[in-house]
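*Asks:* Need a 3D model of the sequence below.
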Amino acid sequence: MSTCVTVTLPDDVYRSAERLAQLTSRNVADVLADALTLSLPSLRPSAGAVRAVEQLSDGDVLEFAELQMEPEQDHRLSTLLQRQQAGELSDTERPELLALMQGYQEALLRKAQALQEAVRRGLRAPLEP
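*Replies:* Numbering: from 1, shown residues only. Coordinates of the predicted model:
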């Protein structure tokens, strides 16, 4: 299901989207839809089942603060991003890229929250500026 939305964009943002569309042989609407999909967090029902970082044990907080993507997923994400940048991403690879990016963004957010909580609890020293 899709919903049609009218959005006013700054000229430079539209020009960037238009340029990416030209480079990838896609239309601007698809480029913008993908950009939004990649940048907005998921609010799936299962996301609410994740315990707040503040409720985790010290060990779990430290574990989340060190969270990293599995090497196979990291490699596949890099490959798909390179293919997308080269304009070679297939229609079947696009959903895979979106799913990997979604997982990456969610994990990065969780890692940042855990790092903040670890510093708050005195489990880790604050990061140097």
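*Asks:* Residue ranges in this structure under the pLDDT threshold?
*Replies:* 40-50 (pLDDT under 70).
*Asks:* Tell me where it has helices.
*Replies:* With DSSP state H as the criterion, the chain has helices at 11-24, 28-39, 58-65, 71-85, 93-120.
*Asks:* could you give the angle of the second one to helix 11-24?
*Replies:* Just to be clear, that refers to helix 28-39. When axes from the mean of the first three to the mean of the last three Cα atoms, to 10 degrees is applied, the directions of helix 28-39 and helix 11-24 differ by 100 degrees.
*Asks:* is it true that Leu80 touches Leu98?
*Replies:* No. Between Leu80 and Leu98 there is no contact under Cβ atoms under 8 Å: 9.5 Å. Where you see a C-beta, it was placed from the backbone N, CA and C, and this is true even at glycine.
*Asks:* Compare these two (neighbour count), which wins?
*Replies:* Leu80 (20 against 14; other Cβ atoms under 10 Å).
*Asks:* For the closest residue to Leu56 other than its chain neighbours, give me its contacts.
*Replies:* Of all residues not flanking Leu56 in the chain, Phe64 sits nearest, at 7.0 Å (Cβ to Cβ, 6 or more residues apart in numbering). Shown in contact with Phe64 (Cβ atoms under 8 Å, 6 or more residues apart in numbering): Val53, Leu56, Arg110, Lys111, Gln113, Ala114.
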